[in-house]
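# I need the structure of the sequence given here:
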Amino acid sequence: MCMAWLLLWSLQGAAQPKTKINDVIQYSFQHPGQQAKPWVFWYWMHAAVSKQGITADLEAMKSVGIAGAYLMPIKDTSANIPFSPTARQLSAEWWQLVKFAMQEAKRLNLQLGVHVSDGFALAGGPWITPELSMQKLVWSNTVVQQGATNIQLSQPASYKGFYKEVAILAYPLKAVPDEMLLQPIVSTSNAIDASFLSEPNNQQTFRSDTACWIQYSYDTSVTIRSLEIKTGGNTYQALRLKMQISNDGITFTDIAQLQAPRHGWQDADENFTYAIPATTATHFRFVYNKEGSLPGAEDLDAAKWKPSLKVKGIYLSNQPKIHQYESKNGSVWRMAQATYDGAVTVSDAVPKERIINLTGKLDKQGRLQWKVPAGNWMIVRIGHTSQGHTNYTGGAGLGLECDKFNPAAVQLQLNSWFGQFYSKTEAVLAKQVLKVLHVDSWEAGSQNWSANFAAAFQQRRGYDITPWLLCMTGVPVNSAEKSEKVLHDVRQTIADLVNDVFYTQVKAAAKAKGCLLSAEAIAPTMMSDGLTHFKYADLPMGEFWHNSPTHDKPNDMRDAISAAHMYGKNIVQAESFTTVRMDWTEHPGKLKVLGDRQFALGINKLVFHVFAHNPWVNKQPGMTLDGVGLYFQRDQTWFQQSKAWMEYLSRCQALLQLGKPVTDIAVFTSDALPRRALLPDRLVNVLPGLMTAEKLQAEQQRLANIGQPLRSIPDGVSHSANMADPENWIDPLNGYAYDSFNPDVLMQMTVAGNKVLTPGGNGYSVLVFPAQHALNPNHLWMTVPVAKKILSLLQQGARIVLEQSPVIGRGMKDENAELRKVFSAIEAGGYKGQLHIGAWTKNEPLMQVQKDVDVTKGKGQLAWTHRRLPDADIYFVSNQSGRAIRSSFTLRSGYPAVEALDPVTGKYFNDYRYTVSKEGIAVDVMLDAAQAVFFICKKEASPESDVFATIKAPETFDISRDWTLQFDTTKAGPAAPLPMAALQSWTTVANDAVRYYSGTVKYSKTVNLQPQTPFQQARLVLDSVYNIATVKVNGIDCGAIWTPPYQLDISAVLKEGTNLIEIDVTNTWHNRLIADAQLPPHQRLTFTTAPFRLQGKPLQPAGLTGAVKLVVQ
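The predicted structure is shown next:
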């Protein structure tokens, strides 16, 4: 065994040894390129833009090390914004300002990106007519009897009069819809009026915060086969009512516990239909009780909020319906269980051969010339119209969303917005500056039709959709299973078209202008595969929020990271640090751990959200995104000092952009639709053996959600306390990193040696195919091609964990018998690869694959990621515990040496030791709170690794007393210097000009270092900093102190004799805003467009407190 010991020295910042770290790593760390530097979202709010503000913004970005900005105008003019003259989007004045911004960006060597439309959601404008907008299928039903002719058919719903016919289909009815079901006697347990709930067009809402029931009673027995619930908004409790029946109104029997489909935050476009086994009774009771409620998630959004019953309609029907067909026909992003045979029997379904196609027989007045055959018939008039969504955050460029399946509509959108950045400014200038076209997160609802949809379906699925269109209206055809298969094919066609048309064309438009394409998540709003669209993006982007659990997007992050790794995209961006309610307490030290956690997930380029353009040069804090987002712009108190943070991020991103990611496990999303990457809590069932007993128990308790506890984060935003917070899933698989992969990637996988290779060239040691999870409730269903590919990979030598073998084909072409035959071959074995059937419950390495980072001390507290170069391994390790810890772990690297880099100081890190064995490199390290370190494993050990062994023990001088403070009078600080004998927070000083001060204060003091105190190195050490400090010694800039361990190397500038130490300390805007709220507007120092939400809040500590020490050696 080879052993190397590094000096155990807990204080950083000393002169560093010269080592032979891989030249690329060393250079990238010391000189991060433009690609490694952060970007910002640069929002031009409410058409309030000025040239002075543009110049000031861009110069500020340049000064702190920001490399580029996504220029995005947001919203229209507002009477609440006191700025004039405004420049509305698309006006000549606005284009002149855009051109000026380009000129300034060129002057400053900054790059710009633009969004695909006005606003940030998503791709529309006033040039998009209803015909060219996103389309949805609509229909109307007409019941006719034998012998009827000349039948008047009502037109289905339309958007602003636009409607196009698709088909007219008729089918025989076994039972005429019972209108009496819409006329019950409605009563409630709490005596609240609910009589309106049975009215089809009702807009009133029944509400209850306590357990109750709603009862429908009839004079005679009625039979129901389906139930429709109208919520009118994003709500959960109405979707999980318990259904009971009675024939005497006294004794009730449970018949169903409704379950909410998985759904996203934009879920108000459609109602919810439940298939109910044929049930006959006179009384139907719907019982609400919050007990048993799930805690909520990105794909169960409404469950996040206070458990309160809100419902606008409960409609009973005697017609059999496909369970939750609204989600299955693609009109909204939802995932529900398949319709089971007990709810819809074969005899309930309409035989396909009995469906009569009457398309083309309707006259202009909507009358159908057809003689009705024997019996009762339902005529379904089917058409399409606009789904009505707009790019709602736009201004003058606001309009309908373009049809994402229509090439002409997409091209019109690109020409009318993106193309204008070249034609309305200067094409040469635009090409020099505009480098990225961005598609933000999808906030435009879903789309399930277009004029070309039927033809596309025929081409891709191999059969005519027309006779099966009834399935899209909720009517089962042939059987529940056949109907489910058709609807899967519908969703797959939707997922295909949004990529093959919209993202393909946007990518082509970007490329034609020499731009890269950036794209955020498509889920959970558009029916889709949440990963596939990223293969068209050069720069996939996730999204994470700060202090905003209800709005955080951990699944967006996993989608972008997994897709980037699968498709070989090296740069993975993140829309970063958004907050739902600004509280003006943000600063770099507060945000560091959150950002580091994203790096450990796989992000390597942060894009700050948001840098709002401030058109005023004399109003501060100025413009905001109406109080949403991180306040990160030139008028932030500490913005100029954030250069140290930007340098830290740039060093991290430079190294994390080198080489390729090392990820052992690839988890299949499923081939169901919609589908997304799997979050760690979704792996509990399939990989419990890799998780700690404590984690498994905690997850069980979380999901039980006993008592439905609530919390408020941030203040005023109350929600479930049992959501799966990302900070509780640090290193979830205990030493293994994982990605998710979709069917598109699966079908392109190959095996080389013991690795499964993806289209992007990354290799995975183990593939995992989970059974049931939240987005795969129908886990016994699978497509035949996916099954065959699993067998093929096993034959090539892959290692696979298969939790359960499916037995039902998902699509119409997927024969059940063929699927079972393939899995019989899989289960029989006899191939080159290894198969584990069932969940992995063993507490041992997964299929003999050694852990990449095996933590033995500090488990669950270290977030990490691993990248590999041809001649080195890079491990990023972040302390997420919130306190200083000593940790031990083994890095699975075959190299014999390891060295460490500190991205805060830009120097080597030395407080660790390591030993080398056949298992890898065992590291023992002391990490300060919030500290992150890069461990570089390489071929050669450094001969200078014990360079500090002869340095004498440190000598400490307490210099905490007798500082002089100089405030900034332009920030309402006192003009006279303030002597401070003992350091204390400014908020404890009696003078209100000090107490409420927000800004920078200069602390100064002379320190006399005696000649008899020789030293090789010296460090300035601070106990507490509120909130960031920059230091000068003898007039020379020494850098910033903004994160633990709050110390700085001043060896090069400290001298014998008299030394002038100056510390510029900056706090946040919080305290000044509280003071100004107590003053009339004309006396206030500050102005901001953000709502004031600091009522009753305490002042935040400010300045230096505790000790200041000089440590010399």
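# Please enumerate the helices of the stretch 951-1100 of the chain.
992-995, 1070-1076 (DSSP state H, counting those that start in this stretch).
# Show me what the longest one is packed up against.
Helices and strands touching helix 1070-1076, as assessed by 3 or more C-beta pairs under 8 Å, 6 or more residues apart in numbering; DSSP states H and E, are absent. C-beta coordinates here come from the backbone N, C-alpha and C atoms, glycine included.
# thinking again about what came up before, can I get the helices of the stretch 951-1100 of the chain in TSV with mean pLDDT, mean neighbour count and distance to residue 1091?
As requested, those are exported to TSV (pLDDT from 0 to 100; neighbours: other C-beta atoms under 10 Å; distance: least, C-beta to C-beta, whole Å):
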stretch	mean pLDDT	mean neighbour count	distance to residue 1091
helix 992-995	98	17	24
helix 1070-1076	98	22	11
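# Figure out which of these is closest to residue 87.
Closest to residue 87 of the helices of the stretch 951-1100 of the chain is helix 1070-1076 (C-beta to C-beta; 28.5 Å).
# How far off centre is the closest one?
For helix 1070-1076, the distance from its own C-alpha centre to the chain's C-alpha centre is 32 Å (C-alpha atoms, centre = their mean, to the nearest Å).
# And the helices in the stretch 751-900 of the chain, which stretches?
784-796, 816-828.
# what's the burial count for the closest residue to residue 1051 other than its chain neighbours?
Of all residues not flanking residue 1051 in the chain, residue 1017 sits nearest, at 4.3 Å (C-beta to C-beta, 6 or more residues apart in numbering). Residues contacting residue 1017 under the criterion other C-beta atoms under 10 Å number 19.
# Was I right to think residue 1017 contacts residue 1053?
No - the criterion here is C-beta atoms under 8 Å, and residue 1017 misses it with residue 1053 at 11.7 Å.
# how's the chain carved up into domains?
Following automatic domain parsing, one gets these domains for the chain: 39-128+406-445+514-660, 179-351, 665-691+732-837, 955-1112.
# Now tabulate those in TSV and tack on distance to residue 23.
Converted to TSV, the domains of the chain look like this (distance: least, C-beta to C-beta, whole Å):
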stretch	distance to residue 23
domain 39-128+406-445+514-660	12
domain 179-351	42
domain 665-691+732-837	23
domain 955-1112	24
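# nearest to residue 938, of these?
Nearest of those (C-beta to C-beta): domain 39-128+406-445+514-660, 12.4 Å.
# The closest one: how far from the chain's middle?
15 Å.
# what is the rounded mean pLDDT of it?
Average pLDDT, domain 39-128+406-445+514-660: 98.
# start to end distance for that domain?
By C-alpha to C-alpha, to the nearest Å, the extent of domain 39-128+406-445+514-660 from end to end equals 22 Å.
# Distance check, the closest residue in space to residue 209 that isn't next to it in sequence against residue 718.
With C-beta to C-beta, 6+ apart as the criterion, residue 209 has its nearest non-adjacent residue at 4.9 Å, and that residue is residue 308. Remark: distance between residue 308 and residue 718 (C-beta to C-beta, to the nearest Å) = 11 Å.
# With residue 1028 instead?
Distance, residue 1028 to residue 718, by C-beta to C-beta: 32 Å.
# With neighbour numbers in mind, choose between those two.
For residue 1028 versus residue 718, neighbours defined as other C-beta under 10 Å are more numerous around residue 1028 (24 against 14).
# how about the more buried one, what does it touch?
Contact analysis of residue 1028 by C-beta atoms under 8 Å, 6 or more residues apart in numbering lists 587, 588, 589, 638, 641, 642, 644, 1040, 1041, 1042, 1065, 1066.
# Can you name the residues bridging to it?
Beta-bridge pairing for residue 1028 (DSSP bridges): residue 1066.
# in the chain, what spans have low per-residue confidence?
Counting by pLDDT under 70, the chain has low-confidence residues at 1-22, 941-952, 1013.
# hmm, try it at 50
Applying pLDDT under 50 to the chain flags residues 1-21, 944-950.
# any idea which strand is longest in it?
Looking across the chain with DSSP state E, the single longest strand is strand 212-230.
# which helices and strands does it pack with?
strand 185-188, strand 272-288, strand 309-311, strand 313-317.
# C-terminal to it, what's the next element?
The helix or strand immediately downstream of strand 212-230 is strand 242-246, counting by DSSP states H and E.
# Now do that next one against strand 212-230, angle only.
Relative orientation of strand 242-246 versus strand 212-230 (axes from the mean of the first three to the mean of the last three C-alpha atoms, to 10 degrees): 110 degrees.
# can I have the next helix or strand after strand 242-246 written out in CSV, keeping just the CAs?
Sequence-wise, the next helix or strand downstream of strand 242-246 (DSSP H and E) is strand 253-257. The C-alpha atoms that make up strand 253-257 are tabulated as CSV, following Å, rounded to 0.1, in the frame of the first residue of the first chain:
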residue,chain,number,x,y,z
THR,A,253,-71.3,1.5,1.7
ASP,A,254,-67.9,2.6,0.3
ILE,A,255,-67.6,1.9,-3.4
ALA,A,256,-64.6,3.9,-4.4
GLN,A,257,-61.7,6.0,-3.1
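# after strand 253-257, next one along is what?
Criterion used, DSSP H and E; the element after strand 253-257 is strand 262-263.
# quick one: contacts of that next one?
Applying C-beta under 8 Å, 6+ apart, the external contacts of strand 262-263 come out as 234, 299-302, 327, 332-336, 524, 774-775, 777.
# Just give me the closest of those to residue 841.
Distances from residue 841 to the contacts of strand 262-263, taken by C-beta to C-beta, are shortest for residue 774, at 20.7 Å.
# Name all residues that make contact with that closest one.
Residue 774 touches 262, 297, 299, 300, 335, 682, counting by C-beta under 8 Å, 6+ apart.
# Now, those that are in strands?
262, 335.
# Just give me the closest of the contacts of residue 774 to residue 789.
Distance to residue 789, by C-beta to C-beta, is smallest for residue 682 among the contacts of residue 774, at 21.8 Å.
# does residue 200 sit in a helix, a strand or a coil?
coil (DSSP: H, G, I helix; E, B strand; the rest coil).
# measure it to residue 317 for me?
11 Å.
# Show me which of those two is the more surrounded one.
Neighbour totals were compared for residue 200 and residue 317, and residue 317 leads with 19 against 9 (other C-beta under 10 Å).
# so what's that one closest to, chain neighbours aside?
Closest to residue 317 by C-beta to C-beta, 6+ apart is residue 226, at 4.7 Å.
# Just the buried residues of stretch 881-898, please?
Neighbour-count burial for stretch 881-898, counted by 16 or more other C-beta atoms under 10 Å, picks out 881, 885, 887, 888, 889, 890, 891, 892, 893, 895, 897, 898.
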